[in-house]
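**Q** Sequence first, then the predicted structure, then my questions.
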Amino acid sequence: MIPFHFLLVISVLLILPLTLCAEDYYKILGVDKSASERDIKRAYRTLSKKFHPDKNPGDESAKKKFVDIAEAYEVLSTTSTRKIYDQYGHEGLEQHKQGGSRGGGGGNDPFDLFSRFFGGGGHFGHGGGHRKGPDMEVKLSLPLRDFYTGRDLEFSIEKQQICESCEGSGSADGTVETCNKCGGRGIVIQKHMIAPGMYKQVQTHCDKCGGKGKSIKSPCPVCHGQRVVRKASTLSATIEPGMSKGSRLTFENEADESPDWVAGDLVVILAEDEPALGVNDGERTDGTFFRRKGKDLFWKEVLSLREAWMGEWTRNLTHLDGHVVQLSRKRGEVVQPLAVETVRGQGMPIYREGHLHDHDHDHDTEEYGNLYVEYTVILPDQMESGMEKDFHALWQKWRKKNGVDLGLDLGRPVVSVGEVKDEL
């Protein structure tokens, strides 16, 4: 008979290589040991969809990664097994599993876990005979600055989610009984006599189970037997430079969840906020009040009569990302009211799906639209007597020499009252 201590040594030697080769569960999910339950769920949500075999057909490494992710999540999402893992590692989980307790070591089907987490049959699309649920659309409003520079952001939506307390069963103890009246179909067929010897069959919802096909004796205290709850869900999005308002970002399987279907897609539609000054200096730019049309930006600049007529002025516009665009005229350069100046390469980044542009101040005109500046000239409401006298004398001198007849230029009928020149 083999001594007990010898068997113990053999079992340890058999388990030891497995525990040494096993990858750290926290590393698999990409989280720290101090990660919260929410962080662990978020990591599983992202990674399980990324490496799901349905999205990586024929990729055995992705399939193995998917299984490892499910195993790591099952251990770390349960308080008892996570505590054992933190204290004793993989060896402790193996001993815990051999002791007959649930969890640890990947004994459960990873597709079943995926199904409980997202709803449906563990596969994308119509896998497992489950239909896909309806898609959701939500609007996300952003300032023009974010469309120009791009940014990563988190946002929250309220949606229907599978109850985590009962894992979508609706039962506090996990016991769900098939309705003995409808046989689990949720419908019953009744006969109604419409004439002597003539009947018609009417299909109605089962009144005993409410059309659910199953009954629960101990409803879950969280969802009250409804199997789903409404609560906020946080998602991450990347806004790429140059995206336009109305762009649609699709998050697969992030719509309302249900144990009866595979979650549909969440479609986020980007909208542009009304212009408003930001709360910090970096957000308080002239560019905040740019107007956008496609790849181009528009700005209205105000000039005094002196500046429009005499030139010799400079304006520094602070763009959406903080760089400066300079507008100027030399002395003697006239700007006509409502004139439009084109500043090439100072519009929006040109966004092409799947292609990110490096954003710097040396704008390549092929990668950016244009900035169109419209000039508005402000005339004085009234003139002081001295100014009026000086201006009148100046006009009288030059109108005789260089004046034009606007009526004649515009093609209006000429009234013979002598030669009158109206403008310089």
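**A** Happy to help now that I have it. Residues are numbered from 1 along each chain as shown.
**Q** Over to the nearest residue to residue 23 once chain neighbours are set aside. Which of the three states is it?
**A** Using C-beta to C-beta, 6 or more residues apart in numbering and skipping the chain neighbours, the partner closest in space to residue 23 is residue 68 (6.8 Å). Placement of C-beta: from N, CA and C, glycine included. On the three-state scheme (DSSP: H, G, I helix; E, B strand; the rest coil), residue 68 is labelled helix.
**Q** tally of neighbours for residue 68?
**A** Counted with other C-beta atoms under 10 Å, residues neighbouring residue 68 total 19.
**Q** in what helix or strand does the residue positioned nearest the centre of the chain lie?
**A** With distances taken as C-alpha atoms, centre = their mean, residue 237 lies nearest the centre of the chain, 3.8 Å away. If you go by DSSP states H and E, residue 237 is part of strand 228-239.
**Q** Quick check: which helices or strands does that strand pack against?
**A** strand 151-162, strand 266-272 (3 or more C-beta pairs under 8 Å, 6 or more residues apart in numbering; DSSP states H and E).
**Q** pLDDT (mean, whole number) over it?
**A** When pLDDT is averaged along strand 228-239, the result is 90.
**Q** swap in stretch 315-330?
**A** 95.
**Q** Show me what counts as buried in it.
**A** Buried residues in stretch 315-330, counting neighbours by 16 or more other C-beta atoms under 10 Å, are found at 315, 317, 319, 320, 321, 323, 325, 327, 329.
**Q** Turn those into JSON lines, columns for secondary structure and distance to residue 286.
**A** Shown next, in JSON lines, are the buried residues of stretch 315-330 (DSSP: H, G, I helix; E, B strand; the rest coil; distance: C-beta to C-beta, whole Å):
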{"residue": "315", "secondary structure": "strand", "distance to residue 286": "9"}
{"residue": "317", "secondary structure": "strand", "distance to residue 286": "5"}
{"residue": "319", "secondary structure": "coil", "distance to residue 286": "7"}
{"residue": "320", "secondary structure": "coil", "distance to residue 286": "9"}
{"residue": "321", "secondary structure": "coil", "distance to residue 286": "12"}
{"residue": "323", "secondary structure": "coil", "distance to residue 286": "11"}
{"residue": "325", "secondary structure": "strand", "distance to residue 286": "9"}
{"residue": "327", "secondary structure": "strand", "distance to residue 286": "11"}
{"residue": "329", "secondary structure": "strand", "distance to residue 286": "18"}
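**Q** ok, of the residues you listed, which one's closest to residue 284?
**A** Using C-beta to C-beta, residue 320 is the member of the buried residues of stretch 315-330 that lies nearest residue 284, at 11.6 Å.
**Q** I figured the closest one hits residue 290, correct?
**A** Yes - with contacts counted by C-beta atoms under 8 Å, residue 320 reaches residue 290, the gap being 6.8 Å.
**Q** Any chance you could list residues touching both of those two?
**A** Taking C-beta atoms under 8 Å, 6 or more residues apart in numbering as the criterion, residue 320 and residue 290 both touch residue 144.
**Q** Tell me which stretches of the stretch 201-350 of the chain form strands.
**A** With DSSP state E, counting those that start in this stretch as the criterion, the stretch 201-350 of the chain has strands at 214-215, 228-239, 248-251, 266-272, 291-293, 296-304, 313-318, 324-329, 340-343.
**Q** Using TSV, lay out those strands together with distance to residue 170.
**A** Formatted as TSV, the strands of the stretch 201-350 of the chain follow (distance: least, C-beta to C-beta, whole Å):
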stretch	distance to residue 170
strand 214-215	8
strand 228-239	9
strand 248-251	27
strand 266-272	24
strand 291-293	49
strand 296-304	54
strand 313-318	57
strand 324-329	61
strand 340-343	63
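**Q** of those, which approaches residue 279 most closely?
**A** Of the strands of the stretch 201-350 of the chain, nearest to residue 279 by C-beta to C-beta is strand 313-318, at 16.2 Å.
**Q** ok so, going back, closest to residue 29 out of the buried residues of stretch 315-330?
**A** Checking the buried residues of stretch 315-330 one by one against residue 29 (C-beta to C-beta), the nearest turns out to be residue 321, at 35.2 Å.
**Q** Let me know whether my guess that residue 111 is in a strand holds.
**A** No - Residue 111: not assigned to a strand; according to three-state DSSP it is helix.
**Q** Neighbours of it, how many?
**A** 19.
**Q** My guess is residue 203 contacts residue 189. True?
**A** Yes - under the criterion of C-beta under 8 Å, residue 203 makes contact with residue 189 at 5.5 Å.
**Q** For residue 63, see how far away residue 57 is.
**A** Distance of residue 57 to residue 63, computed by C-beta to C-beta, to the nearest Å: 10 Å.
**Q** quick one: which of those two has more around it?
**A** The neighbour comparison of residue 57 against residue 63 (other C-beta under 10 Å) goes to residue 63, with 16 against 8.
**Q** Run through who's touching the helix or strand that contains the more buried one.
**A** Take DSSP H and E as the rule and residue 63 turns out to sit in helix 60-76. Helix 60-76 is contacted by residues 23, 25-26, 28-29, 35, 40-41, 43-44, 47-48, 51-53, 55-56, 81-82, 85, 93, 103-106, 108, 110, 113-114 when judged by C-beta under 8 Å, 6+ apart.
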